[in-house]
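Asks: the following block contains a protein sequence and its predicted model.
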Amino acid sequence: MDVLSVLAEEFDDLGRLQRTCSGDIAVNKCEGACNSQVQPSVITPTGFLKECYCCRESFLRERTVRLEHCYDPDGVRLTSNVGVMDVRLREPADCKCYKCSDYTR
């Protein structure tokens, strides 16, 4: 788990700022050790063949979180139903070891 600071803004139909909401949300993250290896090689210029694996997300899930610190454009804190905002974010639901150079995932 990691804490993510989330900031969201809401605008009216003319593009004017109506409110800004923020909050610190605990989210899942991918981190950990993956087996990597180095072996001698007569084919590579360095004389070694490196296979590096990195831990990255293999599946993201959408989650709705509630931001409870909302302010009007003048910085005045809002209360009642406009004092909160629900936003959707995507966070890792599963992690996997991938080759470090494989950025297609």
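Replies: Good, I have the coordinates. All values reported here derive from a predicted model rather than from experimental measurement.

Asks: shaky segments in this protein?
Replies: 102-105 (pLDDT under 70).

Asks: just list whatever residues bridge to the residue nearest the centre of it.
Replies: Centroid-nearest residue in the chain: Glu91, 5.9 Å away (criterion: CA atoms, centre = their mean). With DSSP bridges applied, Glu91 shows beta-bridge pairing to Arg61.

Asks: again, but for Leu49
Replies: Gln39.

Asks: just Leu4 next, same as before
Replies: Going by DSSP bridges, Leu4 forms beta bridges with Ile25.

Asks: what's the distance between it and Pro45?
Replies: Applying CB to CB, to the nearest Å, the value for Leu4 to Pro45 is 42 Å. (Glycine included, C-beta is placed from N, CA and C.)

Asks: of those two, which one has the most company?
Replies: Taking other CB atoms under 10 Å, Leu4 and Pro45 do not tie; Leu4 has more neighbours (14 against 6).
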